[in-house]
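Peer 1: coordinates only, no sequence provided:
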């Protein structure tokens, strides 16, 4: 395991633990321990579950995630998504495909050149079709409490497409 991936696992565990302890602990963990990492949220407007993975030049971030079909709620054991590139200027590298259990991997990929503001709080991904995705960063002002992205945030802002 490389040092970078080890830190990513530590960061993931810290964020999950802080989420269970509540917003004050989350804010402390985010600012003190995880300045380069952001949470991400995915919205799936299609009729099929979509599996996805975020990557950077050194490989994938820990874990594959699933965006449930047409906004179905996540299960209680679904892990949170993290994104943390080495640089704010790097594009968001995303791989995705139908979560059909067939082992087809991730047939679709895109490099989304999403402008990342200094006060970015969450990376938002929106799957509009099985082979189409949009992305944007939401700011801390748009999402006052983590873990709850208001509907107004999903319907506003400038979304980037590949």
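Peer 2: Received it, and whenever you're ready, just let me know what you need. Here the structure is a predicted model, which is why all the values come from computation and not from measurement. Numbering: from 1, shown residues only.

Peer 1: buried residues in the longest strand seen in the chain?
Peer 2: Identified as the longest strand of the chain according to DSSP state E is strand 120-129. Buried residues in strand 120-129, counting neighbours by 16 or more other C-beta atoms under 10 Å, are found at 120-127. Quick note: C-beta positions are derived from backbone N, CA and C, even for glycine.

Peer 1: ok, those vs residue 89, which is closest?
Peer 2: Among those, residue 120 lies closest to residue 89 (C-beta to C-beta), at 12.7 Å.

Peer 1: who touches that closest one in this structure?
Peer 2: 38, 137-140 (C-beta atoms under 8 Å, 6 or more residues apart in numbering).

Peer 1: mind giving me the PyMOL select for those residues, buried ones only?
Peer 2: Burial among the contacts of residue 120 is assessed by 16+ other C-beta under 10 Å; the matching PyMOL selection reads:
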select buried, resi 38+137+138
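
Peer 1: quickly run through the sheet partners of the longest strand of the chain, with directions.
Peer 2: Here strand 120-129 is paired, per DSSP bridges, with strand 38-44 (parallel), strand 132-139 (antiparallel).

Peer 1: show me what the helix or strand following the longest one packs onto, helices and strands only.
Peer 2: Heading C-terminal from strand 132-139, the first helix or strand you meet, by DSSP states H and E, is helix 151-154. Contacts of helix 151-154 with other secondary structure elements, assessed using 3 or more C-beta pairs under 8 Å, 6 or more residues apart in numbering; DSSP states H and E, are made with strand 120-129.

Peer 1: residue 54 bridge partners, please.
Peer 2: The partner residues for residue 54, given DSSP bridges, come to residue 94.

Peer 1: swap in residue 126?
Peer 2: residue 43, residue 134.

Peer 1: surely it touches residue 135?
Peer 2: Yes - using C-beta atoms under 8 Å, residue 126 makes contact with residue 135 at a distance of 7.3 Å.

Peer 1: overlap in contacts of those two?
Peer 2: With C-beta under 8 Å, 6+ apart, residue 126 and residue 135 have common neighbours residue 159.

Peer 1: confidence-wise, which helix or strand of this structure is lowest on average?
Peer 2: Least confident element among the helices and strands of the chain, by mean pLDDT, DSSP states H and E: helix 23-32 (a mean of 53).
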